[in-house]
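[1] Model the structure of this input:
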Amino acid sequence: MKDILRISIASAFLTVGVGAGAVTSTPDVDELPILQQESQHSVAAKRVSALFTRAHYKEISLDNFLSARVYQRFIESLDHNKQVLLLDDVVSFEKYRDLFDDALGKGNLSIAYDMYNVTAKRRVERYEYALALLDNGPFDFAKENDKFYYDREDADWAKDTAELDEIWRQRVKYDALNLILADKTWEEAKELLTKRYTRAIKRTKQAKSEDVFQTAMNAFARTIEAHTSYLSPRNADRFQMEMNLSFEGIGAVLQSEDDYTIIKSVVPGGPADQSGAIKPEDKIVGVAQDDEEFVDVIGWRLDEVVELIKGPKGSMVRLQVEKGATESKTTSVVKLTRDKIKLEDRAAKSEVYVPDEGPHSGQPLGVITIPSFYNNLSVDVAKEIEALKSQNVKGVIVDLRGNGGGSLTEATLLSGLFIEKGPVVQIRYGQSKISVNRDTDGKVSYDGPLTVLVDRYSASASEIFAAAMQDYNRALIVGEQTFGKGTVQQHRGLGKIYDLYDNPLGSVQFTIAKFYRIDGGSTQHKGVIPDILYPSAIEPAEWGESQADNALPWDSINRANYTTFADGQSALDVLSAKHSKRIMQNPEFSYINDDIEEYKKNKDKDFISLVKAEREAKKKEAEVKSLARANERLQRLGLEPVTTLDDLPEDMEELDPFLDEAANITFDMIETGRYAITTH
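    Numbers count the residues shown, from 1 in each chain. Next up, the predicted model:
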């Protein structure tokens, strides 16, 4: 059973459509194909329905209540931002609201195809209107109070075509202004957008029956639970291909979201990670080979973007990247040299951290960075521990930031390096069967002071390890509240050996179990709450599993039988007080707090200005702030100030105030004598 207990944050969501190349003419709405369900889809739908109702961790009934929710999610999949369909269209779909349960059970999803075909027609009409706007000449980028409302998820459906026209006027003007702010002329922007919108029309024309079926089945799967999904045969293969490519190109895992290619994660040690300029949630909006011109990739299919980004080791690719969750929506250019990402690049690594100044100057700490829970991780970490012990480190920090999980077995074995023996994680299948994974070797590789550093990207296996160390009072946990994924998925193909269909049936991934801490609480939703919380722009309720639709709830089971090493509460009060005083005096944390306030001030905005002067002023303000901070850092280092960010010293080390503070906390902890086995 352990072989199937592989942990991941989420599967990539693949949108409707197929690849398209350059086109010279605009297809008419009348040329759109009327898509219909294929023969193998009937069997696939019935098998998925039967499997989910029989084997899913969550009890499922195919009834009108479920049907209404699947119907709603399917509409959201077709027109998430309410910028394609009219209110009349949605009203006409209401007759299907209570029919999806019967459709799934009987394997007849013709109602989903009817809804899709209407949406495809409306989508082409919208892009044709966008092309007409471009033909009407330049926009007035000085028009006062003009705004683009980019988040329409909670908006009302447009009552008529005139209302949709205004929504699209804002969108097209926004697209054009972004290009002009990137130093394009109006004619250049018009040419790029004409290609982008024409490609979108052609992509809609080339959609296949399988694409619609996958969208409908995922509406069903994700209505049940956040990590349950259906993958068509083509997209299952494509997902594996993209995952493999990400380890041989720039080292980034990508996914599609609306018209954008989003960075899902970066592979530790890969070119994207080493650049320091690409982070999860960033958007890739342009790709260029070496010194060639950029190709605008907004609206492209994921596999088309991957095809542009991938390439032989040693070749160069440039990306135009729009930073995620920023109000200015400015782009930067990142130059990357493609490489083959080897396992050792993703392996655990250790270093000796020695502060240059302060009361602990010259005293060594060990830092073990673990990017994922890969096979044999515990063996590698045991070697790193021995290397650190030979250098007489005073304590050890295990850095799990950005670690999205991996092997459950390795999470148990890693925990065993720091405790003698005992339970590590509890797993519940259904409502009654509970198993406990234990460390049983009776050995401890490291018994000294231990700190675990986590962030909101730390998930699954990372949470199991951090939770076990916290429950035993074996380590101090510092950082942000973790992701909160406490479920186990199983992957299963739908095909049978006796099938005679021309096309395969695809596969499913569905949840079969939940993880629980040894104290009985689930890691689901809540994740691990650090003993010392770092300041964060993102509230736990706004991130991770808490934001996943239909995620399983937090709950608890009985506590496992284990003994804690010490009561660290009194020591924790002292450590927290010292931490709070220190960060109040730290300029880097002052910057962080300023950024948090700026984010909170703007996070609920659902619009962005379409006035060029306002956008340029916002961009200039951000540049001035960045330059001022850079010069303040240079002054603290005793270096000369610079006049532009381009003049910053190339060898200037990237600062990591969170690790620095984790080191300070660890030194404080050493002075208390807590969080080590030797104090038991």
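
[2] quick one: average confidence on stretch 201-213?
    The average pLDDT within stretch 201-213 is 91.

[3] Any idea how far apart the tips of it sit?
    20 Å (Cα to Cα, to the nearest Å).

[4] so how far is it off the chain centroid?
    Stretch 201-213 has its C-alpha centroid displaced from the chain centroid by 26 Å (Cα atoms, centre = their mean, to the nearest Å).

[5] Give me the buried positions along it.
    Counting neighbours by 16 or more other Cβ atoms under 10 Å, one finds that the buried residues in stretch 201-213 are 201-205, 207-213. C-betas here are computed from N, CA, C, even on glycine.

[6] same check, this time on stretch 153-170
    157-158, 164, 167-170.

[7] Also stretch 187-204?
    Buried-residue list, stretch 187-204, by 16+ other Cβ under 10 Å: 189-190, 192-193, 196-204.

[8] mind listing which of the buried residues of stretch 153-170 are in helices?
    164, 167-170 (DSSP state H).

[9] Need the residues you listed in CSV (columns: pLDDT and distance to Asp594).
    Shown next, in CSV, are those (pLDDT from 0 to 100; distance: Cβ to Cβ, whole Å):
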residue, pLDDT, distance to Asp594
Leu164, 97, 40
Ile167, 97, 34
Trp168, 97, 37
Arg169, 97, 36
Gln170, 96, 31
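
[10] With respect to Pro138, which of these is nearest?
    Of all those, the one with the least separation from Pro138 (Cβ to Cβ) is Arg169, at 13.2 Å.

[11] That closest one and Ala132 touch, don't they?
    No. Judged on Cβ atoms under 8 Å, Arg169 makes no contact with Ala132 at a distance of 10.6 Å.

[12] just curious, which of the buried residues of stretch 201-213 is nearest to Gln83?
    Among the buried residues of stretch 201-213, and counting by Cβ to Cβ, the member closest to Gln83 is Thr204, at 14.2 Å.

[13] who touches that closest one in this structure?
    For Thr204, the contacting residues are 17, 32, 120, 123-124, 127, by Cβ atoms under 8 Å, 6 or more residues apart in numbering.

[14] Could you list which of the residues you listed belong to strands?
    The members of those all map outside strands under DSSP state E.

[15] Looking at pLDDT only, which of the residues you listed scores worst?
    Gly17 (32).

[16] now the stretch 201-350 of the chain, which segments are flagged as low pLDDT?
    Applying pLDDT under 70 to the stretch 201-350 of the chain picks out residues 234-248, 258, 324-330, 341-346.

[17] My read is that Ala537 contacts Asp594, right?
    No. Using Cβ under 8 Å, Ala537 is not in contact with Asp594, being 10.7 Å away.

[18] So those two - more neighbours on which side?
    Between Ala537 and Asp594, counted using other Cβ atoms under 10 Å, the more crowded position is Ala537 (18 against 12).

[19] Give the helix, strand or coil label for the more buried one.
    coil (DSSP: H, G, I helix; E, B strand; the rest coil).

[20] got the contact list for it?
    Ala537 neighbours (Cβ under 8 Å, 6+ apart): 595-596, 599-600, 603.

[21] let's go with 7 Å and repeat that
    595-596, 599-600 (Cβ atoms under 7 Å, 6 or more residues apart in numbering).

[22] Redo those as TSV? Include neighbour count and pLDDT.
    Shown next, in TSV, are the contacts of Ala537 (neighbours: other Cβ atoms under 10 Å; pLDDT from 0 to 100):
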residue	neighbour count	pLDDT
Asp595	13	93
Ile596	14	93
Tyr599	15	90
Lys600	12	90
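
[23] Narrow the residues you listed to those in strands?
    Checked against DSSP E, the contacts of Ala537 include nothing in strands.

[24] Just the closest of the residues you listed to Asn631, please.
    Nearest to Asn631 among those, with distances taken as Cβ to Cβ, is Asp595, at 17.5 Å.

[25] Lovely, talk soon.
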